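Novice: please find the sequence and the predicted model below.
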Amino acid sequence: MKIAVIGTGYVGLVTGTCLAETGNQVTCVDINRQKVQMMQQGKLPIYEPGIETLFNRNVIENRLFFTSDLKQAILDAQVIFLALPTPPGADGAADLSFVLDAAKDIACLITSYKVVVTKSTVPVGTADKVKAIFDQYSDIKVSVVSNPEFLREGVAVEDFMKPDRIVIGTQDEEARKILSELYAPYVRQGNPIIFMDERSSELTKYAANSFLATKISFMNEIANLCESIGADVDMVRLGIGADERIGKRFLFPGIGYGGSCFPKDVQALEKSAKANQYDFKILNAVMEVNSLQKTVLVDKLKRYYNNDLTGKTFALWGLAFKPETDDIREAPALSIIDALLSAGANVVAYDPEALNNVRNLIGDKITYAEDQYQALVDADALLVLTEWSVFRAPDFDLMKKLLKANVIFDGRNLYSVEKMIDHGFYYNSIGRKKVGQMHLNTAVE
């Protein structure tokens, strides 16, 4: 099948590459000519585990192409995927301008029937708006379908190739048959393709992300309560996660959720509710909890150092919002860096993949280390902000030699409290007891 994918961000590039992997001829379109040229030369613009092998194979076998020429891409395409950004506007609502502008451009170019699929995360009613544009600017029949993505950065290729479900919003029988054929290779193990109306499909994506964000924020509230009453969040997590109605995923406490999906999707759903005169109280609370949680480590630092961080140097391990990605959108690390700099502290940071993205964003406001241990040299304390595997079993003896003091504030609960006692660290994590000796010139917590 001939496919066009408009937009080559995380969703578009993964979608196009994985569709090519099952034998389709896919042309990916982007207005950024430099980015297109980069991909034409075999270079990936994103870091995503597993995609490089598929990308290279399908380019070599002439199934995956890249262009800035929209007309060329869609001319013979049977299905056109819109994988364009929908960033939050000034009021927090999703900005649909990229999607709607692309729809208008496509409508003015098509000469035969197309299935146009909104892969972007969009508010309820977007498919209707896209269809109205085609009705206004073209006499050609078009089926507009909602097909939200459920890709997790870091395992996006696996999620696409082996989805736990595929949601398709359409009431058009011809489009249903075409997409059933297109997606058949990905559900051979029996996972469902769930067909529904377009509005239900659009809401399903927002509902899924908002529910997962709610689980994260709820667990962070439980972790904060654990610290107040002397309970252990790890034990609580195991106890409730064993209930199959709750499940064990998304129950790990930390320094809040970030990335390209949860923050904007929760915000967009709340704004959509408000636009329909519904006060979504739970989502307001979720966003408030997450905002506060992003700087909970800084609050702990201020208590430890008697509310004076001036001149202190802090090593940060991790900048990406999660491991196995270079994505720093809404990353808690950025909020922590801002708070530390505002308090007069110095920051030395290391991340296996996200250093360049942070450097491009904030420049030389902080120091960038070449490896995790270089970041520790003469630092007053270590802050663990992203749970990269490389941080899970470090050389603690070397760390003690490099750090100015044996102090760790762990925002991801990577280490066991018992191990930190054995190694002689002051260790402060999320929702668990603090261990180790306080150091000179610090307040008593």
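Specialist: Received the coordinates, thanks.

Novice: C-alpha from now on. contacts and neighbour counts both.
Specialist: Fine.

Novice: how about stretch 246-256, which residues are buried there?
Specialist: For stretch 246-256, the neighbour count (16 or more other CA atoms under 10 Å) marks F250, L251, F252, P253, G254, I255, G256 as buried.

Novice: how near is F218 to L383?
Specialist: F218 is 23 Å from L383, where distance means CA to CA, to the nearest Å.

Novice: these two: which is more packed in?
Specialist: A count of neighbours by other CA atoms under 10 Å puts L383 above the other of F218 and L383, at 24 against 19.

Novice: which of the buried residues of stretch 246-256 lies closest to K35?
Specialist: Nearest to K35, judged by CA to CA, of the buried residues of stretch 246-256 is G256 at 31.5 Å.

Novice: is it true that that closest one touches Q293?
Specialist: Yes - using CA atoms under 8 Å, G256 is in contact with Q293, at 5.4 Å.

Novice: now do the contacts for T170.
Specialist: Counting by CA atoms under 8 Å, 6 or more residues apart in numbering, T170 touches V144, V145, S146, R176, F195, M196, D197, E198.

Novice: ok, T325 next?
Specialist: Neighbouring residues of T325 by CA under 8 Å, 6+ apart: Y47, E48, P49, E153, G154, E353, A354.

Novice: tell me how far the second one lies from L385.
Specialist: When distances are taken as CA to CA, E48 and L385 turn out to be 20 Å apart.

Novice: what of A175?
Specialist: Distance, A175 to L385, by CA to CA: 45 Å.

Novice: one more: L70?
Specialist: Distance of L70 to L385, given as CA to CA: 41 Å.

Novice: where do the strands sit along this structure?
Specialist: For the chain, strands defined by DSSP state E occupy the ranges 2-6, 25-29, 64-67, 79-82, 114-118, 142-146, 166-169, 193-196, 313-317, 346-350, 367-368, 381-384, 407-410, 426-428.

Novice: what helices or strands is the second one leaning on?
Specialist: Contact analysis of strand 25-29 by 3 or more CA pairs under 8 Å, 6 or more residues apart in numbering; DSSP states H and E lists strand 2-6, helix 10-21, strand 64-67, helix 70-74 as its packing neighbours.

Novice: next, the angle from it to strand 2-6.
Specialist: Taking axes from the mean of the first three to the mean of the last three CA atoms, to 10 degrees, one finds strand 25-29 and strand 2-6 inclined to each other by 20 degrees.

Novice: next one: strand 25-29 to chain centre, how far?
Specialist: Here strand 25-29 is found 24 Å from its chain centre; the criterion is CA atoms, centre = their mean, to the nearest Å.

Novice: strand partners (parallel or antiparallel) of it?
Specialist: Sheet pairing for strand 25-29, assigned by DSSP bridges, gives strand 2-6 (parallel), strand 64-67 (parallel).

Novice: restrict the last one to CA atoms and write it as PDB.
Specialist: In this case it means strand 64-67. The C-alpha trace of strand 64-67 is given here as PDB (Å, rounded to 0.1, in the frame of the first residue of the first chain):
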ATOM      1  CA  LEU A  64      10.900   4.600   2.900                       C
ATOM      2  CA  PHE A  65      11.400   8.000   1.300                       C
ATOM      3  CA  PHE A  66      11.600  11.600   2.500                       C
ATOM      4  CA  THR A  67      10.600  14.800   0.800                       C
END
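
Novice: now what about that strand, what contacts it?
Specialist: Defining contact as CA under 8 Å, 6+ apart, one finds that strand 64-67 is touched by 16-17, 20, 25-30, 33, 36, 39-40, 55, 58-59, 73.

Novice: grab the most central residue of the protein for me.
Specialist: The centre of the chain sits closest to G259, judged by CA atoms, centre = their mean, with a distance of 3.3 Å.

Novice: distance check, the closest residue in space to that residue that isn't next to it in sequence against A320.
Specialist: Spatial nearest neighbour of G259, excluding adjacent residues (CA to CA, 6 or more residues apart in numbering): R329 at 4.8 Å. Distance check for R329 against A320: by CA to CA, it reads 8 Å.

Novice: longest helix of the protein?
Specialist: Under DSSP state H, the helix in the chain containing the largest number of residues is helix 198-229.
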